[in-house]
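In: Everything below, folded, please.
(chains A, B, C and D)
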There are 2 protein chains.
Amino acid sequence: MGQEQKIASAPTTATDDKPLKKSGYHHGDLRAGLIEATRRLVEEKGPDGFSVSDACRLAGVSTAAPYKHFKDKTEMLVAMVLEGMQRHRAKMLASLEGLPEGSPDRVTALGREYVTFALEENGIFRLKFGGFSDRLDDPRLQAAGEETFGIVLREVAACIGESDVTPEVRRRGFMLWSFVHGLSFLLLDKKLSDMSGGVELDNLLSDIARRVLQD
Amino acid sequence: MGQEQKIASAPTTATDDKPLKKSGYHHGDLRAGLIEATRRLVEEKGPDGFSVSDACRLAGVSTAAPYKHFKDKTEMLVAMVLEGMQRHRAKMLASLEGLPEGSPDRVTALGREYVTFALEENGIFRLKFGGFSDRLDDPRLQAAGEETFGIVLREVAACIGESDVTPEVRRRGFMLWSFVHGLSFLLLDKKLSDMSGGVELDNLLSDIARRVLQD
DNA sequence: TCGCAAAGTTAGCATCTCTTACATATGTTA
DNA sequence: TAACATATGTAAGAGATGCTAACTTTGCGA
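Out: Numbering: from 1, shown residues only, chains lettered A, B, ... in the order given. Now for the predicted structure:
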């Protein structure tokens, strides 16, 4: 008790132009602070362990403060997931840099980034995919998801020699997505005991990519 | 409102030896009734939408009644998941009947059964795998899961010509599990719009089985 | 400098939750 | 039939939650 520290901002850039935390009454960027608090809490306690009150406590504000920035508890969660997906997308794109066009390594890299994100930011992952789609059915979330999947499809098309996103490309892409998606969940639930380090993971990913992309 | 019907028993056999629903004061088998109510509620409202009170309302008893049968809310959920996994296991075994030993069709059949169960009984599926493993860490659940996975491993071994569950068998089995697991989640979240009917699903499953089991 | 809008706070309502202590109904067995 | 164990109901406690209304502080722009 009482060991919690206030959250000022997302853990991203050190060179922010906006001051995110001021001294007293005004928080600076409470919206970002609450999103970050939400992220941490969902990560620790699971999607249903999250409460607005907890987020306020963690962010160091009163329980009424969030309602100046979010309409709802749900909107807090949506905002948090949305922000996470943008980070995810950026990371996936970054992981492609330096790898030759049309190489299966690019698909493997995307897969690794997917699994890594799911493990590191499992709060976001579980909220988005853990069966809360009824309550979090914001169209922005769906759009963001499709955009991310588009990245994969482009790489798959290049690998199997299609210039367009044909039904076959979709099919293969969906296979790969299913695989990394399931792998993420199983790793999260610690169903794989002997996968130590990232080496085995890389093997598995490239092996699957090869099998799905071939002939 | 008021259209709900009391739950008497699990929707399984019609020839039960124990009477599951009697007339007035005594429910007959309230334990089973509550498990069934729990199942329905988690299915409808999601894992976190479940409350003991709701289950009582649905089962037609007072809110104190469950505590004669379960220690806890958690124990209700565990019991419900456990019972579901036993049904799941039985169905998987039944799906193998009539298929020749060592045939990849057996693996495909298991996969289809997995996905079907996840879709039909998604409450159980989501509770077991949706990230609630911290709160539902009962050893019986883990044991049941490993036993089910054992069924798959046996078939995989037969398919790739191993007589034992070697590391390679585990590896392939894990690939297949990841795939059907992820596929289940994606289908649940309606991420695949164009997979109409079960035909495409069968194609996908046998295709994946072939790719993972070959060479 | 002054006033106003934005951002926070305090207080509280209404509701729902899980759980228990105790009373009551029922089925069973001697 | 009488007594006892089991199964249920009643009532209530102790909290937490989401959200709103009304008040206060702060920063910024005219």
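
In: so where do the helices sit in chain A?
Out: In chain A, helices defined by DSSP state H lie at A:30-45, A:52-59, A:73-95, A:104-120, A:122-129, A:139-159, A:167-188, A:199-213, listed in chain order.

In: Same list, those, but as JSON lines with distance to chain B, mean pLDDT and mean neighbour count please.
Out: In short, each C-beta sits where N, CA and C put it, glycine included. Formatted as JSON lines, these follow (distance: least, CB to the nearest CB, whole Å; pLDDT from 0 to 100; neighbours: other CB atoms under 10 Å in any protein chain shown):
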{"stretch": "helix A:30-45", "distance to chain B": "8", "mean pLDDT": "93", "mean neighbour count": "22"}
{"stretch": "helix A:52-59", "distance to chain B": "14", "mean pLDDT": "95", "mean neighbour count": "19"}
{"stretch": "helix A:73-95", "distance to chain B": "12", "mean pLDDT": "95", "mean neighbour count": "18"}
{"stretch": "helix A:104-120", "distance to chain B": "10", "mean pLDDT": "96", "mean neighbour count": "21"}
{"stretch": "helix A:122-129", "distance to chain B": "4", "mean pLDDT": "88", "mean neighbour count": "24"}
{"stretch": "helix A:139-159", "distance to chain B": "7", "mean pLDDT": "94", "mean neighbour count": "17"}
{"stretch": "helix A:167-188", "distance to chain B": "3", "mean pLDDT": "94", "mean neighbour count": "22"}
{"stretch": "helix A:199-213", "distance to chain B": "4", "mean pLDDT": "93", "mean neighbour count": "18"}
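
In: who touches the nearest residue to A:K73 once chain neighbours are set aside in this structure?
Out: Spatial nearest neighbour of A:K73, chain neighbours left out: A:V52 (5.3 Å); criterion: CB to CB, 6 or more residues apart in numbering or on different chains. Shown in contact with A:V52 (CB atoms under 8 Å, 6 or more residues apart in numbering or on different chains): A:63, A:66, A:73, A:76.

In: Compile the helices of chain A into a markdown table and extend it with columns for distance to B:L153.
Out: As requested, the helices of chain A are exported to a markdown table (distance: least, CB to CB, whole Å):
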| stretch | distance to B:L153 |
| --- | --- |
| helix A:30-45 | 32 |
| helix A:52-59 | 42 |
| helix A:73-95 | 32 |
| helix A:104-120 | 22 |
| helix A:122-129 | 26 |
| helix A:139-159 | 29 |
| helix A:167-188 | 14 |
| helix A:199-213 | 16 |
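
In: Figure out which of those helices is closest to B:A143.
Out: Ranking these by proximity to B:A143 (CB to CB) places helix A:167-188 first, at 16.9 Å.

In: wait, which of the helices of chain A is closest to B:V81?
Out: Short answer: helix A:167-188, nearest of the helices of chain A by CB to CB, at 15.8 Å.

In: orientation of the closest one relative to helix A:199-213 in degrees?
Out: Relative orientation of helix A:167-188 and helix A:199-213, computed by axes from the mean of the first three to the mean of the last three CA atoms, to 10 degrees: 160 degrees.

In: tell me what helix A:167-188 is packed against?
Out: Here helix A:167-188 touches helix A:104-120, helix A:122-129, helix A:139-159, helix A:199-213, helix B:167-188, helix B:199-213, going by 3 or more CB pairs under 8 Å, 6 or more residues apart in numbering or on different chains; DSSP states H and E.

In: so which of those gets nearest B:N122?
Out: Closest approach to B:N122 among the helices and strands packed on helix A:167-188 (CB to CB): helix B:167-188, 5.6 Å.

In: gap between the closest one and the chain center?
Out: 15 Å (CA atoms, centre = their mean, to the nearest Å).

In: how about the CA coordinates for it, as PDB?
Out: Taking C-alpha atoms only, helix B:167-188 is exported to PDB below (Å, rounded to 0.1, in the frame of the first residue of the first chain):
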ATOM      1  CA  PRO B 167      10.200 -33.600 -29.000                       C
ATOM      2  CA  GLU B 168       9.500 -33.300 -32.700                       C
ATOM      3  CA  VAL B 169       6.000 -34.700 -32.100                       C
ATOM      4  CA  ARG B 170       5.400 -32.100 -29.400                       C
ATOM      5  CA  ARG B 171       6.600 -29.500 -31.700                       C
ATOM      6  CA  ARG B 172       4.300 -30.400 -34.500                       C
ATOM      7  CA  GLY B 173       1.400 -30.900 -32.100                       C
ATOM      8  CA  PHE B 174       2.000 -27.500 -30.700                       C
ATOM      9  CA  MET B 175       2.000 -25.900 -34.100                       C
ATOM     10  CA  LEU B 176      -1.400 -27.500 -34.800                       C
ATOM     11  CA  TRP B 177      -2.800 -26.500 -31.400                       C
ATOM     12  CA  SER B 178      -1.600 -22.900 -32.000                       C
ATOM     13  CA  PHE B 179      -3.400 -22.900 -35.300                       C
ATOM     14  CA  VAL B 180      -6.700 -24.200 -34.200                       C
ATOM     15  CA  HIS B 181      -6.600 -22.200 -31.100                       C
ATOM     16  CA  GLY B 182      -6.000 -18.900 -32.900                       C
ATOM     17  CA  LEU B 183      -8.500 -19.900 -35.600                       C
ATOM     18  CA  SER B 184     -11.100 -20.400 -32.800                       C
ATOM     19  CA  PHE B 185     -10.500 -17.000 -31.400                       C
ATOM     20  CA  LEU B 186     -10.600 -15.200 -34.700                       C
ATOM     21  CA  LEU B 187     -13.800 -16.900 -35.700                       C
ATOM     22  CA  LEU B 188     -15.300 -16.000 -32.300                       C
END
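
In: does A:L77 really touch A:D137, like I thought?
Out: No: applying CB atoms under 8 Å as the test, A:L77 and A:D137 come out as separate, 11.7 Å apart.

In: okay, now A:E162: neighbour count?
Out: Other residues near A:E162 come to 14 when the count uses other CB atoms under 10 Å in any protein chain shown.

In: Just give the nearest non-adjacent residue to it, would you?
Out: A:E162 sits nearest to A:V169 (CB to CB, 6+ apart), 5.3 Å away.

In: check contacts around that neighbour.
Out: A:153, A:156-157, A:160, A:162.

In: Also A:R172?
Out: A:156, A:160, A:212-213.

In: Tell me the residues on chain A that lie near DNA strand D, please.
Out: Selection of chain A residues close to DNA strand D by CB under 7 Å from any atom of the strand yields A:22, A:24-26, A:50-54, A:63-64, A:67, A:72-74.

In: Could you list the domains of chain A?
Out: Annotated domains of chain A cover A:1-70, A:73-213 [automatic domain parsing].
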